[in-house]
Structures are given as structure tokens and as C-alpha cells.
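*Asks:* Sequence and computational prediction follow.
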Amino acid sequence: MLTIDFNPDKQVFHLSNNVISYIMKVDQYNILTHIYFGKAITHYSGLGVYPRINRDFEVNFSENGLNNRTYSIGVIPQEYGDYGRGDFREPAIVIQHDDGAYVSDFRYRDYEVIEGVTGHNTMPAAYVADDSEAKTLIISMFDEVKNLELKLYYSIFEDKATLTRSAELINHSEQTVSIEKMMSYSMDLTAGDYDLVQLNGAWARERMLEREPIGRGIRKLDSKRGTSSHHQSPFMAVVAPETDEDHGDVLSVQLVYSGNFELTVEQDPYDNLRIQAGVQSLGFSWKLLANESFHTPEATLTYSAEGFNGMTQAQNDFIKDHIIPRRFKELERPILINNWEATYFDFSEEKIKSLVDQASDLGIELFVLDDGWFGRRDSDTSSLGDWFEHQDKLPHGLSELSDYVHKKGMQFGLWFEPEMISEDSELFRAHPDWALQLPDRNLSLGRDQFVLDFSREDVRENIFEQMVAILSNIPIDYVKWDMNRHMSEVYSLILPKEQAGEVAHRYMIGLYQFLSKLTQAFPEILFESCSGGGGRYDLGMMQYMPQVWTSDNTDPVERLKIQYGSSLMAPLNTMGAHVSASPNHQTGRDTSLKMRGDVASIGVFGYELDLNQLTESDRVEIKQQVEFYKRHRQLIQQGRFTRLISPFETNRCAWSVDLDDELLIFYYEILTHASKPLQKITLNHLDKDALYTVYTEDEEFEAYGDELMALGIIVNPVMQGDFQSRVYRLKKQKA
């Protein structure tokens, strides 16, 4: 049962469903304190309240002429700590008031419970199909002296292990205040041993899993690049030291945001832990005028008592039901071919059509024309911002090419990079002021391009009209939205200098408004997010674009780690994974077509190579891969994903996906060894009393669920050579 209860005698809030509970208490000074977040509690009697004891060199409360030395605000677990009153931990909110001071004092005043969720008028947020799916608690805190209201939002969902949090500041005064920091959420955990799990990396090496014990002090994970970035994902998990894939407590956090962010963990001298997530505070400053409000991005918090796999499965259920566009929740993603690595910029109409012919014969379902179809785009030095057809390359136009693709029984997709502008472009020559820039400094180039100021409505409207002219007049089924440069000189020429600290966040608000308008205008188009690969692999973009190009790195060996790390954040049906040429264009590694196919099958499957260069045996094998994926697509894209063996810890990798009475296991061995020991795969999620038929690539046998989970499947010991893979299928026999 989904409930939000308030006990007026104990001043306790208890949010609960069948899976989780979240408990808070308003104390004697009207400070909102944290008590518990974890597995569901049916009845709460009052345990877990942090004791009020004197801590030397902490600040005590003095009210009504009385000093309470047992009340040390700096150690009490709070829901949203402010700044300047004696809490010396990282504050959740920092405000400079009209008198220049930074001291705030937010105390609980009242609350409201609503059915459903509040939604968000400027940014992505979890949604519900029906208000019965969620309840939202809105707690109002007030700084009485400054006449500021702080609203804390807590949404809990039916049978989900995830809840969402955000915060809103409302200025009821007649003065302007400056928000210098405002987190989406903050939460204090009482003393314990904790590990921090994060996903960092770089271009072509995204979401590398890193785990470390949390020690004293502050650990900050962030992006200042204008995007969620390849380098640090807006995800972290705080876990017990003994936690593994299938056992132990996990508390994970993700931001529904695609711009500059920060995640912090802080352990105080008494081993209490404060965790926070929100917009990056460095360079951020928001002028809040009288009677205006500011709302943070939303954060998701997920609890699992069943290790990282339990966390993943809980998050995946939530993302499919409440984040990605609802019409794409169960819609099967097509198998695609992208021409980029086949042609790069050097293509003609004839060459593209030859790729289409080959793809159609192989059973591929979607052809995507990548960069180079517009303006005078013959290299990456020109034409971004000029979204009209390149007549020299496509003399008969996109419309004729789209018709050609559709007549071959395939869908047609197109690449855009709408947020960028080239110096060598008609748009820049007409509007050089539309790029992010400072009036007294040179513009910095990245990939020979500048970033358009998407905080400006006139900029967004121009790009929107150009895209609509293409999308309205040419039958297009799919759009790949790319972003290949991070932000510098983040300044808008039309905002007052006092608002310069707002530009990065206003850019994101403008981008989200653009995406909302575009996807509403073209609801049937499947949009894929890309930022040089996986530079925007976040829940903010997934609200509009239900799949993401996971990485520009298509080397299957590298992809094992990339896809393993990515699976901690989002479902397989969001994760683009392609078979590319060998030797690989990013690493130069030579791998078998089988290995490449078996890795790419875990995700949204596709190809990125020159089909005209295939041997006849390659063509036969690709047809088999396409047929295999089509046969098992629903299982892979909608099933329950489980990580079995980590490539971060071993020379091997394995994962499984199951749906109804069928299970697929993918096993990979990276480097071979002489006289190697036997390896086995131990399974999860089977019916222990059921008999299963096990289909391997070498044999077929029967076994019961309990023995498969206890004894596992022995991997064929005669596998030889580096970069090997095997696929196993289990089918539950009917009683």
C-alpha cells in the first residue's frame, strides 16, 4: 500500500510502499531531521532518532533566553542543511541576502500531500500515467527573518524502490536574493562503514566503475563541462563494504539532469555521512527576484537490499515506467545501420544507396545517414547551424533518399547537431553573437566549432524552424541528436552581467524546452541522444530520447566495461550497441565477428561498418546475428538484466537477461591462458523446482533450477584464442 503518514504527536513523517520506507522527524526546534531510508517498515514506533548530546566545539541553539548545550546542530542528521548557523558540513543551500550576509535559518512550518507527482514546467521529471501510481509530500520550511520559503518535494511510487526529491525556493520578500548553491536533495546517514561507487571515464572510455571506502572529509564528483559528460556520470551509490552484485545494501542516486552537476559525500568526525546531489555550484549564481521561485532538477534515490543487481533491476523498472517516453516503454527498437564508420564525410548518393541495398538484403530495419548531409559539410570544419540539404552530395535530395530507403522496407534516420555552430557557416556569418562568448575575449574552438547560446529564445527558434523544415517535409523515423563540444566562455550577450552565473543552467532549461516542443511536434520519431558517444548518458535526456549512443568506442573488448558500467544506470533498451569493422577504428584491435555480435546483442543492436566490404561468410554470419536478435529482441529489451561476472575484476565477463520462461546468458573471455582452470557460470532468477532445457553452442541438456543456481554451467574448456564469446539459452519446461 502506498502511504504518506504524519504522526502529529511524534511529529514524524513516514513514506512507505511495499518495498521501501522513508522516515523523517520534526524536532523541538522545528528542524527537519532524517531518521531512515531503506526496506519497508510496516509499523514505526520511534526508534532511530539521533541522540541529542553535547559535542565540544559545536554550536548550540539558544532560543527564548535558554542555551541547550545538548543540541549540536552540526551533528544532527538533517534533511536539508542550511548555512551559517553552526552546521559546518556541506550545506544544501547557500543564499546571499540583500544585506550581504549568507546566514539562512529554515524551519519546518507545514506540509501538504498530493496524489500523483507535481511535474516540472521547465525541466524533465518523473511522470505517472495515473495519479494513483504515486503520492507526493511537500514540506514547507521558512526563513522567517528573510521571508523565504523552501519547499522540499518527496514523491514515492507504487511498488517501486525509487523515490524522487527536489527543492524549490520562493522569495516572498521585496528584496532580491542570490542563490549561490541549491542541491536537489541532501540526506544524512548515521555512523557506519560505507563504500562509494562511481562511474567515471573519458571519451571512448565512459562509465568506468570505481569503488573505494569512504573516509573522513569531502569527496566530490562533478562535471563543469556543460554536460553530464563522458568523464563523470551523474550517478553514485553508497554501499555497505560487504555488498556485491547480489547481496548487501545499496543506496544509489541519479540526477534527472544533463548539465553541470555535483555529487558529494562527506564523512564527519563522528562517522556520520552526508550525501548530496544537484546543480554544480561553481560558477552558479541565480538572482531570485521578489515573488519569484527557483526549482532544482529532480534526483532519484533507489534502495536495494539485494546488491547492485537488485538496485539495477529496481532502477530499470522505475526508468521504464516513469522516465522514458511512455510510448517507447515496450516499443521494440529497430536494428540499424549507421554510415559513419563506413564513409565518414566522404559519401555520395550512389554510395549511400549501395549501403541501403546491402542492409535491406541482410534484414536490417533502419538506415541512419550520419554527419555530412547538410550545408557545405565535407569535413568537421564547417556548416553546423546550416540545416539545409547538401545538394552536391545528394542531388536528388533527402526526400528521394528517404523514399528509396522506405521502398526497401526499412526506416530512415538522420543525424543532427543542433546546439553547435561552425565559424564557417551562413548562420555564424549572419549571427556571430549567437555563440556563447565574452565580449572582450576570443572564442575558443573545440572540434572547430562553437556552442550556440541555447539560453536565448531567438537562437532556439531559428534552429527549431530549420529542423521542422526538414522533419515536416521528409519522411524520417529516427533522429540522432549529437553534441560534440563541451562548453567554455559560458556567457550570454543578452543577459545582464549580474545574471552571468545563470547562463549554464538557463542553457539547460532552454534545451529541455526545445526538446519538449520538438518531441511533442514529432511524437512518432525515435530520438537517440549522443554526445560524442556517451557524453550525455543521463535521465534528463532519456525523458525525451529513449535511447542513447553508449560510446563512440565500438571495440567489443572495451565495450564489455563500458556496457557493464552503463548497466548500473539504465535499462538495456536505452543502450545503443553496434557491430563495427575489424580492426576497430578506435583501438586497432582485431576481433571476430562473433565476439562483436555477442557484445552488441546486449543493448539496442546495430551495425556501423561498410557493408560493401563484407565477405560472403560475413554476410551469412550477419544475417544469422540479425535473425538471432529479432528472435530474442523482446527478451533482451524488456527482460530482467543480471550481471554475473565483472570485467573490472576478472579476465571474463558474463551477464544474463530473462523474461517469462526463457533466459539468455552471454559469456566472454578476454585473453586466453595455457592450462587454464575450469570456469563456470552460476545463475540467478530460476525456478528451483523447474526443469530447464539448456542450449549451448556445443550441446543440449536438461537440469533443474536449483542445481543450475548451485552448481552452474561449466564453460567449454577447449575454448582457445583471445576474445572469445559464448551464448547459452535456457528454456523452462512446462509442467
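*Replies:* Yep, it's here. Numbers count the residues shown, from 1 in each chain.

*Asks:* Which strands or helices does the lowest-mean-pLDDT helix or strand in the chain pack on?
*Replies:* Using mean pLDDT, DSSP states H and E, the weakest-scoring helix or strand in the chain turns out to be strand 60-63, at a mean of 78. In terms of contacts (3 or more C-beta pairs under 8 Å, 6 or more residues apart in numbering; DSSP states H and E), strand 60-63 is packed against strand 66-72. Every residue, glycine included, has its C-beta placed from N, CA and C.

*Asks:* ok, the next helix or strand after the strand it packs on: who's next to it in the sheet?
*Replies:* Sequence-wise, the next helix or strand downstream of strand 66-72 (DSSP states H and E) is strand 93-96. Its sheet considered, strand 93-96 pairs with strand 177-189 (antiparallel) by DSSP bridges.

*Asks:* for the record, mean pLDDT for the partner strand?
*Replies:* On average, the pLDDT along strand 177-189 is 98.

*Asks:* before we move on, what about stretch 487-501?
*Replies:* On average, stretch 487-501 scores 97.

*Asks:* ok, now which ones touch residue 594?
*Replies:* Counting by C-beta atoms under 8 Å, 6 or more residues apart in numbering, residue 594 touches 621, 725.

*Asks:* Wait, a helix at it?
*Replies:* Yes: per DSSP: H, G, I helix; E, B strand; the rest coil, residue 594 lies within a helix segment.

*Asks:* picking up where we left off before, what sits up against the least confident helix or strand of the chain?
*Replies:* For strand 60-63, the external contacting residues (C-beta under 8 Å, 6+ apart) are 29, 54, 67, 68, 69, 70, 71, 72, 73, 86.

*Asks:* what comes up buried for it?
*Replies:* For strand 60-63, the neighbour count (16 or more other C-beta atoms under 10 Å) marks residue 61 as buried.

*Asks:* How about stretch 266-274?
*Replies:* For stretch 266-274, a neighbour-count test (16+ other C-beta under 10 Å) marks 266, 267, 268, 272, 273, 274 as buried.

*Asks:* Pull the CA coordinates from it and hand them back as CSV.
*Replies:* Only the C-alpha atoms of stretch 266-274 are listed here, as CSV (Å, rounded to 0.1, in the frame of the first residue of the first chain):
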residue,chain,number,x,y,z
GLU,A,266,31.1,13.9,3.4
GLN,A,267,32.0,11.9,6.5
ASP,A,268,32.2,13.9,9.7
PRO,A,269,34.4,13.3,12.7
TYR,A,270,31.7,11.1,14.2
ASP,A,271,31.4,8.8,11.1
ASN,A,272,28.0,10.3,10.1
LEU,A,273,27.6,10.6,6.3
ARG,A,274,26.1,13.5,4.3
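
*Asks:* three-state assignment of residue 316?
*Replies:* Of the three states, residue 316 takes helix according to three-state DSSP.

*Asks:* Number the chain from 542, please
*Replies:* Sure thing, new numbering starts at 542, so read that last one as residue 857.

*Asks:* can you pull the contacts of it?
*Replies:* 1111, 1112, 1181, 1182.

*Asks:* Show me what residue 759 is bridged to.
*Replies:* Going by DSSP bridges, residue 759 is paired in beta bridges with residue 807.

*Asks:* and which of the contacts of residue 857 is nearest residue 1025?
*Replies:* residue 1111 (21.6 Å; C-beta to C-beta).

*Asks:* ok, and the closest non-adjacent residue to the closest one?
*Replies:* The shortest distance from residue 1111 to any non-neighbouring residue, by C-beta to C-beta, 6 or more residues apart in numbering, is to residue 860 (5.8 Å).

*Asks:* List the contacts of the one you found.
*Replies:* If you count contacts by C-beta under 8 Å, 6+ apart, then residue 860 has 1080, 1083, 1111, 1112, 1115 around it.

*Asks:* Tabulate the contacts of residue 857 (CSV), appending distance to residue 1044 and secondary structure.
*Replies:* Shown next, in CSV, are these (distance: C-beta to C-beta, whole Å; DSSP: H, G, I helix; E, B strand; the rest coil):
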residue, distance to residue 1044, secondary structure
1111, 29, coil
1112, 33, coil
1181, 42, strand
1182, 39, strand
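
*Asks:* from the residues you listed, which is closest to residue 745?
*Replies:* residue 1111 (19.0 Å).

*Asks:* confidence score at the closest one?
*Replies:* What the model reports as pLDDT for residue 1111 is 97.

*Asks:* neighbouring strands for the one helix or strand residue 1269 maps to, and are they parallel or not?
*Replies:* Using DSSP H and E, residue 1269 sits in strand 1265-1273. Here strand 1265-1273 is paired, per DSSP bridges, with strand 1203-1210 (antiparallel), strand 1232-1236 (antiparallel).

*Asks:* looking at the ones you listed, which is closest to residue 740?
*Replies:* Among those, the nearest to residue 740 by C-beta to C-beta is strand 1203-1210 (20.1 Å).

*Asks:* got the CA coordinates for that closest one in CSV?
*Replies:* Extracted in CSV, the C-alpha atoms of strand 1203-1210 (Å, rounded to 0.1, in the frame of the first residue of the first chain):
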residue,chain,number,x,y,z
GLU,A,1203,13.4,-18.0,-21.1
LEU,A,1204,16.9,-16.9,-20.2
LEU,A,1205,19.9,-15.9,-22.3
ILE,A,1206,23.4,-15.9,-20.9
PHE,A,1207,26.3,-14.1,-22.6
TYR,A,1208,29.8,-15.2,-21.6
TYR,A,1209,33.0,-13.5,-22.7
GLU,A,1210,36.7,-14.4,-22.2
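
*Asks:* immediately after it, which helix or strand?
*Replies:* With elements assigned by DSSP H and E, the helix or strand that comes after strand 1203-1210 is strand 1221-1222.

*Asks:* what's the neighbour count on residue 757?
*Replies:* Neighbours of residue 757 under the rule other C-beta atoms under 10 Å: 9.

*Asks:* Please read the previous query as pertaining to residue 831.
*Replies:* Neighbourhood size, residue 831 [other C-beta under 10 Å]: 12.

*Asks:* My understanding was that it contacts residue 711; is that so?
*Replies:* No: applying C-beta atoms under 8 Å as the test, residue 831 and residue 711 come out as separate, 10.5 Å apart.

*Asks:* so what's residue 879 bridging to?
*Replies:* Going by DSSP bridges, residue 879 is paired in beta bridges with residue 909.

*Asks:* Which residue is the nearest non-sequential neighbour of residue 1142?
*Replies:* Closest to residue 1142 by C-beta to C-beta, 6+ apart is residue 1170, at 5.8 Å.

*Asks:* check which helix or strand covers that neighbour.
*Replies:* In this assignment (DSSP H and E), residue 1170 forms part of helix 1157-1179.

*Asks:* how much does that helix deviate in direction from strand 1203-1210?
*Replies:* Angle, helix 1157-1179 to strand 1203-1210, by axes from the mean of the first three to the mean of the last three C-alpha atoms, to 10 degrees: 120 degrees.

*Asks:* Distance to residue 588 and neighbour count for the contacts of residue 857 - can I get that in TSV?
*Replies:* Output for these, formatted as TSV (distance: C-beta to C-beta, whole Å; neighbours: other C-beta atoms under 10 Å):
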residue	distance to residue 588	neighbour count
1111	36	26
1112	36	27
1181	34	18
1182	36	19
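
*Asks:* Would you check which pair of the residues you listed lies furthest apart?
*Replies:* Greatest spatial distance among the contacts of residue 857 (C-beta to C-beta): 1111 and 1181, at 14.3 Å.
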